[in-house]
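Student: only geometry, no sequence info:
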């Protein structure tokens, strides 16, 4: 800009000097022109005087004409010299150079300004394009997150209902096992009571068969003997009653073992169904956790791209991430193992209880009970013992099955609560 100011000042001075020189040249040219005009006027006046003299005298005119025809024509007056263009002075050359330099500077500055404007416009356009690109990226990641939320919803939905189904099966297994435990215990108690009753019956019968005990009135009317025989009669009556009691206890044991068999079978079946369903549930849980993890990654990308937390997509994603912290797969797998164990234990209990039921039926049959021989009594005693052992084993297995089913049910309840919160977020 400083150079431009100095150039303008120099150009002004040069213009002033050039104008002064041109004024002097015009003054000189004006004087020459006035001299030329004065001489021409004199010649015209002389010509007019001669014409007037000729009109007064015709003869003189004719003579004059003849003389003029005979006389030689005078040469025309030379034309006044035209002023030749002068070569530009040094000052004019400097002015022209200054003008040219100034125009070059102006053109350069205009070109530079145009380039700056072009660069500014390009920068603005690039910035706007970056903003548009960022907006497109935000919209793309937002749409991707929305699609992923839909996919996660499909993966996570249904887990709660499946867990509730397993929980129901575990509950049925627990109830069945509890009932089996009660009936097994009742069978065991009845078997023990029967064994004690049979032992007393055997003792009394042994006394009667040995001849130590007689009943009926004494022929001699001995009061002491009559009292003794009355006591023996009472023992015999009691023995008969006890045999009836023993048979009833045998029926109770048989019934208890039969019920325990049925409940153990029910527990084994329901536990097995629950364990088999856990495979599909575990797969669904893993798929749900994987989808939620993807949503968490996309939420971080949205935050990195400047999408505010108040954005609807981020609000939905944050709610899902908070509500779905993930299923404890190790716990779910332990549930499956426990239900499998319950199935095995209940199956064993059902088999033992079934065998015990058969043994109890055999031991309480009339054929075995009425066999008073030593081998017969021994066989009855062994059958009763085996039936009582079976009742004890069936009671134990039902008890373990009930405990495992209850423990598994509590774990299923915990995971069901997680599934409920997660599904509600969708």
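Tutor: Nice, I can see it. Since we're looking at a predicted model, the values are computed, not measured.
Student: how far away is the residue nearest to residue 409 when sequence neighbours are not counted from residue 331?
Tutor: Counting by C-beta to C-beta, 6 or more residues apart in numbering, residue 409 lies nearest to residue 170, which is 4.2 Å off, once chain neighbours are set aside. C-betas here are computed from N, CA, C, even on glycine. Applying C-beta to C-beta, to the nearest Å, the value for residue 170 to residue 331 is 14 Å.
Student: quick one on the thing from earlier: from residue 393, how far out is the residue nearest to residue 409?
Tutor: 23 Å.
Student: Show me which of these two is the more surrounded one.
Tutor: For residue 170 and residue 393, the more surrounded residue by other C-beta atoms under 10 Å is residue 170, and the numbers stand at 30 against 20.
Student: what helix or strand is that one on?
Tutor: Element membership of residue 170 [criterion: DSSP states H and E] is helix 159-209.
Student: next one: residue 346
Tutor: Residue 346 belongs to helix 329-363 when assigned by DSSP H and E.
Student: Just want the angle from that helix to helix 159-209.
Tutor: Following axes from the mean of the first three to the mean of the last three C-alpha atoms, to 10 degrees, one obtains 30 degrees for the angle between helix 329-363 and helix 159-209.
Student: Next, residue 280: secondary structure please.
Tutor: Classification of residue 280 by DSSP: H, G, I helix; E, B strand; the rest coil places it in helix.
Student: quick one, what contacts the closest residue to it other than its chain neighbours?
Tutor: Among residues not flanking residue 280 along the chain, residue 162 sits closest, at 7.0 Å (C-beta to C-beta, 6+ apart). Contact analysis of residue 162 by C-beta atoms under 8 Å, 6 or more residues apart in numbering lists 277, 280-281, 284.
Student: can you do 10 Å?
Tutor: By C-beta atoms under 10 Å, 6 or more residues apart in numbering, the contact set of residue 162 is 277-278, 280-281, 284-285, 416, 419.
Student: For the one helix or strand residue 148 maps to, the averaged confidence score.
Tutor: Per DSSP H and E: residue 148 is located in helix 90-156. Mean per-residue pLDDT for helix 90-156: 88.
Student: what do you get for stretch 291-301?
Tutor: Rounded mean pLDDT across stretch 291-301 is 91.
Student: quick revisit: now for the contacts of residue 162: which two are most distant?
Tutor: Farthest pair in these (C-beta to C-beta) is 280 and 416. Separation: 15.2 Å.
Student: Next, the contact list for residue 403, please.
Tutor: Applying C-beta under 10 Å, 6+ apart, the residues near residue 403 are 174, 177-178, 181, 338, 342, 345.
Student: want to throw the residues you listed into TSV with neighbour count and pLDDT?
Tutor: Output for the contacts of residue 403, formatted as TSV (neighbours: other C-beta atoms under 10 Å; pLDDT from 0 to 100):
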residue	neighbour count	pLDDT
174	23	94
177	33	96
178	19	96
181	24	96
338	23	92
342	31	94
345	25	95
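Student: would you turn the residues you listed into a markdown table with distance to residue 363?
Tutor: Compiled in a markdown table, the contacts of residue 403 are given as follows (distance: C-beta to C-beta, whole Å):
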| residue | distance to residue 363 |
| --- | --- |
| 174 | 32 |
| 177 | 26 |
| 178 | 27 |
| 181 | 23 |
| 338 | 36 |
| 342 | 30 |
| 345 | 26 |
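Student: Chain neighbours aside, what residue packs nearest to residue 159?
Tutor: residue 419 is the one closest to residue 159 (C-beta to C-beta, 6+ apart), at 4.4 Å.
Student: Measure how the helix or strand containing that neighbour sits relative to helix 90-156, angle-wise.
Tutor: If you go by DSSP H and E, residue 419 is part of helix 374-425. Helix 374-425 and helix 90-156 are oriented at 150 degrees to each other (the same axes, to 10 degrees).
Student: before we move on, back to that, just the buried residues of the contacts of residue 162.
Tutor: Using 16 or more other C-beta atoms under 10 Å as the burial test, those include 277-278, 281, 284-285, 416, 419 as buried.
Student: Just want the most central residue of the chain.
Tutor: Centroid-nearest residue in the chain: residue 295, 1.9 Å away (criterion: C-alpha atoms, centre = their mean).
Student: I'd say it and residue 322 touch.
Tutor: No - in this structure residue 295 lies outside contact range of residue 322 using C-beta atoms under 10 Å: 11.1 Å.
Student: ok, back up a step: state the distance from the residue nearest to residue 409 to residue 282.
Tutor: Counting by C-beta to C-beta, the gap from residue 170 to residue 282 is 16 Å.
Student: What of residue 313?
Tutor: Between residue 313 and residue 282 the computed distance is 30 Å (C-beta to C-beta).
Student: Neighbour count for these two, which is higher?
Tutor: With neighbours defined as other C-beta under 10 Å, residue 313 and residue 282 compare such that residue 313 has more, 19 against 16.
Student: Three-state assignment for that one, please.
Tutor: helix.
Student: ok, and the closest non-adjacent residue to it?
Tutor: Closest residue to residue 313 apart from its sequence neighbours, by C-beta to C-beta, 6+ apart: residue 142 at 4.7 Å.
Student: Test my guess that residue 176 contacts residue 261.
Tutor: No - using C-beta under 10 Å, residue 176 is not in contact with residue 261, being 11.2 Å away.
Student: The residue nearest to residue 409 reaches residue 415, doesn't it?
Tutor: No - in this structure, residue 170 is not within contact of residue 415 by C-beta under 10 Å, at 12.0 Å.
Student: Now do the shared contacts for those two.
Tutor: residue 335.
Student: For the closest residue to residue 178 other than its chain neighbours, list the residues it contacts.
Tutor: Spatial nearest neighbour of residue 178, chain neighbours left out: residue 402 (4.8 Å); criterion: C-beta to C-beta, 6+ apart. By C-beta under 10 Å, 6+ apart, residue 402 lies in contact with 173-182, 263, 267, 342, 345-346.
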